[in-house]
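Chemist: Have a look; sequence and predicted model below, questions after that.
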Amino acid sequence: MGIKRFFHQMGSPQYFYRVAGLWIPWLLGASLLLLVIGWVDGLVYAPTDYQQGDSYRIMFIHVPAAWMSMFIYMVMAFSGLLSLVWRVKMGEVIAVSCAPIGASFTLLALATGSLWGKPMWGTWWVWDARLTSELILFFLYLGVIALYGAIEDRRVGARAVAILALVGVVNIPIIHYSVEWWNTLHQPATITKLGKPSIVPSMLIPLLIGALAFKLFFFATVLMRARNELLERDRNTRWVKNLLEAEAK
Amino acid sequence: MSQLSLSAAVGLLLRRDLVLAYRRRAELANPILFFVLITALFPLGIGADPVLIAKVGPGILWVAALLASLLSLDAMFRSDFEDGSLEQFMLSAQPVSMLVLAKVFAHWLVTGLPLLLVAPLLALFVNLPTDALGVLLLSLLLGTPVLSLIGAVGVALTVGLRKGGVILSLLVLPLYVPVLIFGADAVQTAVVGIPATAQISFIAAMLALALALAPMAAAASLRISLS
């Protein structure tokens, strides 16, 4: 009963705006705290890799970012599904707020992957299966952002984004496995087993802490974006006007 | 108004679209010319070395086919959107996804299928061995409808936009990647003399998936674009 009521209330922009505003500082604070712990542990205390030396430490940024890039796409598609099937208005808002954050994490994963590739592979870019699928994922995000930006009506745009995100979700596994197929045929020799060797706990723990920090950071930023999106969307409604008047005082 | 059966409606729509395409015969040649032109550009860009061209030939042909199909996409719903017939389709008693399927099929018949006619000629351009020609045609026959189906979703999402063209390519090209990979790889494999059954089966599987899902997604997108 309680959870049903919660979802009902979260469907109201006004309530969502207020509750999200209460959550954001906690999420951000926890995320920053974990980020400091995870990064200090990873960048300073974790043992040096016997093959890669210290340059492997970029993993503590690269791997969580790559995880987030996929996780955010799933969140975006799921919110899109909520908005299309059950007409959850907040689903639209969350879905469109996810896209720029997801694109940023994807870009971060690509950039750090490229930086990592320089000492490991001797080149900034190889057409490695994971890098390539990550690049395509980046283009998928850019498509979502461009589509939303091109449609003037925000509600129409958000629903178009929801469909595109769902089409993308169906395609991501196909793209991923086809890229892997292509890669094994054309470039059998690249060293891609960076993630594969079993990882020692002293490296795994900072990695997981970092991943959790990124996740909380995403939740905080997506709520911030969603709040802005709500304000812009509902700028002619009474609750926004009341809010502005209250803030002006 | 008498009730029209679904197959009759789909047949009528298909016929209408084909007649419309036939009335604008001059446009029929465009995708073909584009396909030929792009293929001819590659040797100019990478040099005339026959060995090199033969090596990258399958990839060139598939990239060119992909671009030719992308270029013709925009016309899929455009005129129907502008003259209002698309809204009439939405209002009809028939499931929109089936009508979309009919339109995509008609579009593929006039823009995708002709690519197969010139493909043998282009295969000569890139020194493709004649043994691989069958696989090239088969991969195009199965692959270009997938491109049209995926493209239909993109067009449906962007049809209402003033500058939909650039966004359309941004939406659709990443989704084309698997078809490109398997299509080019099938031909590449056939060139070396290995049977390309696996790649062809993958393309056929993608076609089945796209046939089942893309019309629904495109129909939903059209509803949004027209709202």
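Modeler: Okay, I see it. Numbers count the residues shown, from 1 in each chain, chains lettered A, B, ... in the order given.
Chemist: any idea how far B:Ser72 is from A:Pro206?
Modeler: Here the criterion is CB to CB, to the nearest Å. By it, A:Pro206 lies 52 Å from B:Ser72. All C-beta atoms are positioned from the backbone trio N, CA, C, and that covers glycine.
Chemist: More neighbours: which of those two?
Modeler: Using other CB atoms under 10 Å in any protein chain shown, the more surrounded residue of A:Pro206 and B:Ser72 is B:Ser72, with 26 against 23.
Chemist: Return the per-residue confidence for the more buried one.
Modeler: Listed pLDDT for B:Ser72 reads 89.
Chemist: what's the nearest residue to it if we skip its chain neighbours?
Modeler: B:Thr111 (4.0 Å; CB to CB, 6 or more residues apart in numbering or on different chains).
Chemist: List the contacts of that neighbour.
Modeler: Residues in contact with B:Thr111 (CB atoms under 8 Å, 6 or more residues apart in numbering or on different chains) are B:Pro31, B:Ala68, B:Ser69, B:Ser72, B:Ala75, B:Ser148.
Chemist: For those, work out which two are farthest apart.
Modeler: Maximum pairwise distance in those, criterion CB to CB, is 12.6 Å, between B:Ala68 and B:Ala75.
Chemist: So if I had to pick from the two, which one is more boxed in?
Modeler: Each of B:Ala68 and B:Ala75 has its neighbours counted (other CB under 10 Å); B:Ala68 has more, 26 against 18.
Chemist: Please identify which helix or strand holds that one.
Modeler: Taking DSSP states H and E as the definition, B:Ala68 sits inside helix B:50-73.
Chemist: Export that helix to CSV, keeping only CA atoms.
Modeler: What follows is helix B:50-73 as a C-alpha-only set of coordinates in CSV (Å, rounded to 0.1, in the frame of the first residue of the first chain):
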residue,chain,number,x,y,z
PRO,B,50,43.5,-3.5,-58.3
VAL,B,51,44.7,-5.7,-55.4
LEU,B,52,43.8,-3.1,-52.8
ILE,B,53,40.4,-2.4,-54.4
ALA,B,54,39.6,-6.1,-54.5
LYS,B,55,40.5,-6.4,-50.9
VAL,B,56,38.2,-3.6,-49.7
GLY,B,57,35.6,-4.1,-52.4
PRO,B,58,33.0,-6.0,-50.3
GLY,B,59,33.1,-3.2,-47.7
ILE,B,60,32.9,-0.5,-50.3
LEU,B,61,29.8,-2.1,-51.9
TRP,B,62,28.1,-2.5,-48.6
VAL,B,63,28.8,1.0,-47.4
ALA,B,64,27.6,2.4,-50.7
ALA,B,65,24.4,0.3,-50.5
LEU,B,66,23.9,1.5,-47.0
LEU,B,67,24.3,5.2,-47.9
ALA,B,68,22.1,4.8,-51.0
SER,B,69,19.4,3.3,-48.9
LEU,B,70,19.8,6.0,-46.2
LEU,B,71,19.5,8.7,-48.8
SER,B,72,16.2,7.5,-50.2
LEU,B,73,14.7,7.0,-46.7
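Chemist: Go through that helix and flag the buried ones.
Modeler: Going by neighbour count (16 or more other CB atoms under 10 Å in any protein chain shown), the buried part of helix B:50-73 is B:53, B:56-73.
Chemist: hang on, the earlier thing: in terms of distance to chain A, which of the contacts of B:Thr111 ranks first?
Modeler: Nearest to chain A among the contacts of B:Thr111: B:Ser148, at 14.8 Å, using CB to the nearest CB.
Chemist: count of neighbours near that closest one?
Modeler: As a burial measure, B:Ser148 scores 25 neighbours (other CB under 10 Å).
Chemist: Same check on A:Leu32?
Modeler: A count of nearby residues for A:Leu32, using other CB under 10 Å, gives 14.
Chemist: quick one: pLDDT of it?
Modeler: pLDDT, A:Leu32: 94.
Chemist: Now name the helix or strand holding whatever residue of chain A ends up closest to chain B.
Modeler: Scanning chain A for the residue nearest chain B gives A:Ser178, at 3.8 Å (criterion: CB to the nearest CB). Element membership for A:Ser178, per DSSP H and E: helix A:154-186.
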